[in-house]
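Student: Sequence and predicted structure below; questions after.
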Amino acid sequence: MDIKRAKAEIKDAIESYLQKDRYGEYCIPIESQRPILLIGPPGIGKTAIMRQVATECGIALVSYTITHHTRQSAIGLPFIEHKVYGGKEYAVTEYTMSEIVAAVYEQMEETGLSEGILFIDEINCASETLAPAMLQFLQYKTFGSHQIPEGWMIVAAGNPPQYNKSVREFDIVTLDRVKKIEVTEDYGVWREYAVEQQVHDAILSFLDLKPESFYTVKNTAEGKVFVTARGWEDLSKLLYVYEALGKKADRFVVGQYLQQEKTAKDFAAYLELYYKYKADYAIGDILQGHWTDRQVDRLRLASFDERMGVICLLFDGLNQKFRACYESDLYLTDLMERLKEAKERLLSSSKRGEEVLQAFLEEERQKYLQKKKAKLWKKEEDHRLQAVLETMEGYVQEVKKEGIADGEGVFTLIKGLFAKEVDEAEAAKETTSAALEMAFTFLETVFREGQELVFFVTRLNSGFYSIWFINENGSTAFYRHNQNLLYKQQQRTILKEMDEIRTLLQSKED
């Protein structure tokens with residue numbers, strides 16, 4: 001199955017394991033809560049989905065790569081304890097607490113969360129001395145003599161043997177005690193994740209045109225060659241920083257992340273053209289409605305790759321605006337929810353409005369810090385909540401500046417400040433809507449009703465932020481072209497069915 005389905009399966013299992021009956025006991029007894037064993041190629045996002053599952057379930061996560069551990073760090077160090085059996089004293093070997101189990105308890109102390117996921121990566125690559133302990137861990141949920149705390153679910157991950165010579169096969173006894181999930185790479189599924197993670201537009205545009213370049217792991221005469229989802233994501237982060245520093249990522253830089261010469265060479269060439277077309281066609285100007293006849297003529301006569309590249313650049317420029325509107329909408333929603341609560345406090349308290357607002361802000365800060373320790377949200381949400389707190393701090397400073405004492409006056413002030421932010425967000429949406437219409441006008445000018453418009457509409461239909469924005473704000477040009485696209489698809493389907501009927505009738509006549 002693909003990684004998206006695997007994530008859903010893991011989340012369903014975790015939610016089932018966490019379910020309690022009316023007596024407060026787990027509906028599935030702890031001894032029957034099978035560890036989940038996730039087997040799949042390297043670099044496809046196994047670790048990433050575990051962070052997502054923990055966040056969405058509101059539980060803690062402790063993650064370890066077992067190949068980084070020795071038997072002593074995983075199980076604990078031996079020490080001599082003296083015990084009395086049958087009236088006689090004996091020296092008994094015991095072990096200090098496993099570093100991994102201790103990390104679980106530390107996470108519980110730090111976050112205040114009693115339930116969580118213990119994720120062990122590369123479990124089938126454990127060293128020879130540690131391998132028996134890993135089997136015991138999967139079968140009995142213990143490291144040495146130390147039990148994993150109640151309420152903590154075990155998820156382990158590993159690579160199939162063809163990807164790693166160090167892999168050890170699990171026996172049937174162990175496999176019969178786990179939920180084994182096998183995953184494979186899938187560009188379409190990864191692309192959804194990549195859009196959320198803001199993977200660089202050049203990478204997504206390249207892979208949209210050449211999806212076969214997304215993932216490769218091979219052993220060749222020259223050695224191992226591989227391109228993984230992890231490689232693309234890490235390269236994306238580097239590209240953003242290089243752009244900020246004014247540096248250029250050439251084939252040699254790209255090859256450090258995409259370790260297959262052909263793919264690295266192809267992407268480096270595409271990246272160079274990506275930046276060239278972005279400058280030559282002045283994409284930002286086009287989205288503002290400014291272009292020249294020379295640009296129109298050049299694109300009309302351009303090669304297929306150049307035309308597709310410019311269309312991707314237009315979509316990428318729009319997508320940044322769509323995402324900004326989406327994030328702004330979430331930010332204003334979060335801020336408004338807190339202002340509603342602040343209003344109730346301000347209007348019901350006899351204290352000075354400034355004091356009430358300051359106390360409320362401090363409470364929100366503490367909630368934020370507690371959840372931040374627990375890592376219960378994604379980076380984007382963390383940044384959004386920081387922005388909300390900064391805005392509220394600004395409101396407090398404005399209240400101090402104006403010297404307003406009564407709660408109703410304080411709320412009237414912050415209501416006015418909030419309204420200004422809403423107006424700015426609405427203005428940004430109007431600007432984005434205008435940019436979308438200008439993109440359609442430019443493409444219609446160049447290609448009229450050609451296949452290039454179909455490609456552009458398809459990109460809009462497949463983007464999370466573009467679909468959200470159009471659903472929220474509408475687009476006359478999009479609706480018109482999308483309707484034409486649907487009509488043509490229906491027409492092709494009908495013609496295909498007619499051909500099948502003709503073939504069937506012909507075969508009967510024969």
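Tutor: Done, it's in.

Student: Excluding chain neighbours, give the residue nearest to P35 in space.
Tutor: Distances taken as CB to CB, 6 or more residues apart in numbering place I154 nearest to P35, at 3.8 Å, with adjacent residues excluded. Every residue, glycine included, has its C-beta placed from N, CA and C.

Student: my guess is the one you found meets I148, correct?
Tutor: Yes: look at I154 against I148 with CB atoms under 8 Å: they come within range, at 6.6 Å.

Student: Mind listing the shared neighbours of these two?
Tutor: Here I154 and I148 have L118, K141 as joint contacts, going by CB atoms under 8 Å, 6 or more residues apart in numbering.

Student: Quick check: V446 vs Y281, distance?
Tutor: Per CB to CB, to the nearest Å, V446 is found 11 Å from Y281.

Student: Could you tell me which residues touch both of these two?
Tutor: Residues touching both V446 and Y281 (CB under 8 Å, 6+ apart): L299.

Student: re earlier: which elements pack onto the helix or strand hosting the residue nearest to P35?
Tutor: In the assignment (DSSP states H and E), I154 maps to strand 152-158. Packing partners of strand 152-158 (3 or more CB pairs under 8 Å, 6 or more residues apart in numbering; DSSP states H and E): helix 3-18, strand 36-39, helix 46-57, strand 116-121, helix 131-140.

Student: buried ones in the third one?
Tutor: By neighbour count, with 16 or more other CB atoms under 10 Å as the criterion, the buried positions of helix 46-57 are K46, A48, I49, M50, Q52, V53, A54, T55, C57.

Student: can you check stretch 401-409 too?
Tutor: Residues of stretch 401-409 classed as buried by neighbour count (16+ other CB under 10 Å): I404, G407.

Student: show me the contacts for the residue nearest to D234 when sequence neighbours are not counted.
Tutor: Excluding the flanking residues, the one nearest D234 by CB to CB, 6+ apart is Y257, at 5.7 Å. Y257 is in contact with G231, W232, D234, L235, L238, A264, counting by CB under 8 Å, 6+ apart.

Student: Just to be sure, the second one is in a helix?
Tutor: When you say that, I think you mean W232. Yes: under DSSP: H, G, I helix; E, B strand; the rest coil, W232 sits within a helix.

Student: What is the burial count for the closest residue to it other than its chain neighbours?
Tutor: Nearest residue to W232 in three dimensions, chain neighbours excluded: I203, at 5.6 Å (CB to CB, 6+ apart). By the measure other CB atoms under 10 Å, the count of residues near I203 is 21.

Student: which SS state does I203 fall under?
Tutor: helix.

Student: what sits against it?
Tutor: A194, W232, L235, S236, L239, F267.

Student: nearest to F226, of those residues?
Tutor: W232 (11.7 Å; CB to CB).

Student: Spit out the contact partners of that closest one.
Tutor: A194, V199, I203, L207, F214, Y257, L258.

Student: Which pLDDT value does the model give the residue lying closest to G40 once chain neighbours are set aside?
Tutor: Leaving aside its sequence neighbours, G40 sits nearest to V183 (CB to CB, 6+ apart; 3.6 Å). V183 carries a pLDDT value of 80.

Student: contacting residues for V183?
Tutor: M1, D2, I3, A6, L38, I39, G40, P41, I44, K46.

Student: and of these, the nearest to I120?
Tutor: Checking the contacts of V183 one by one against I120 (CB to CB), the nearest turns out to be L38, at 10.2 Å.

Student: export the contacts of V183 to JSON lines and tack on pLDDT and distance to G353?
Tutor: Shown next, in JSON lines, are these (pLDDT from 0 to 100; distance: CB to CB, whole Å):
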{"residue": "M1", "pLDDT": "78", "distance to G353": "56"}
{"residue": "D2", "pLDDT": "81", "distance to G353": "54"}
{"residue": "I3", "pLDDT": "80", "distance to G353": "50"}
{"residue": "A6", "pLDDT": "84", "distance to G353": "51"}
{"residue": "L38", "pLDDT": "82", "distance to G353": "53"}
{"residue": "I39", "pLDDT": "83", "distance to G353": "59"}
{"residue": "G40", "pLDDT": "80", "distance to G353": "56"}
{"residue": "P41", "pLDDT": "77", "distance to G353": "59"}
{"residue": "I44", "pLDDT": "76", "distance to G353": "53"}
{"residue": "K46", "pLDDT": "78", "distance to G353": "51"}
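
Student: A103 contacts V62, correct?
Tutor: Yes: with contacts counted by CB under 8 Å, A103 reaches V62, the gap being 5.2 Å.

Student: Name the residue in these two with the higher neighbour count.
Tutor: V62 (20 against 15).

Student: Direction included, what does the strand or helix carrying that one pair against?
Tutor: Element membership for V62 (DSSP H and E) is strand 60-65. Strand pairing for strand 60-65, determined by DSSP bridges: strand 116-121 (parallel).

Student: could you give the mean pLDDT of the partner strand?
Tutor: 84.

Student: how close does T292 sit to Q256?
Tutor: Distance from T292 to Q256, by CB to CB: 39 Å.

Student: need the helices for the stretch 301-450 of the chain, in chain order.
Tutor: Taking DSSP state H, counting those that start in this stretch as the test, the helices found in the stretch 301-450 of the chain are 304-348, 353-374, 379-402, 407-447.

Student: quick one, which of these is nearest to F119?
Tutor: Once the helices of the stretch 301-450 of the chain are compared by CB to CB, helix 353-374 is nearest, at 15.4 Å.

Student: Show me what that closest one is packed up against.
Tutor: helix 99-111, helix 304-348, helix 379-402, helix 407-447.

Student: Check which residues of it are buried.
Tutor: For helix 353-374, by 16+ other CB under 10 Å, it's G353, E354, V356, L357, Q358, F360, L361, E364, Y368, K371, A374.

Student: Pull the contacting residues for S114.
Tutor: S114 makes contact with M108, P149, G151 under the criterion CB under 8 Å, 6+ apart.

Student: Which residues are in contact with the residue nearest to A48 when sequence neighbours are not counted?
Tutor: Nearest-residue entry for A48: Y193, 7.2 Å, with adjacent residues in sequence omitted and distances by CB to CB, 6+ apart. By CB under 8 Å, 6+ apart, the contact set of Y193 is I3, K4, G45, A48.

Student: export the helices and strands packed on strand 152-158 to TSV and tack on distance to R480?
Tutor: What follows is the helices and strands packed on strand 152-158, written out as TSV (distance: least, CB to CB, whole Å):
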stretch	distance to R480
helix 3-18	32
strand 36-39	45
helix 46-57	37
strand 116-121	48
helix 131-140	57
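
Student: quick one: the strand holding I154 to helix 3-18, angle?
Tutor: Strand 152-158 runs at 150 degrees relative to helix 3-18, counting by axes from the mean of the first three to the mean of the last three CA atoms, to 10 degrees.

Student: one step back: would you say the residue nearest to A48 is within a helix?
Tutor: Yes: assigned with three-state DSSP, Y193 falls within a helix.

Student: Thanks a lot, see you next time.
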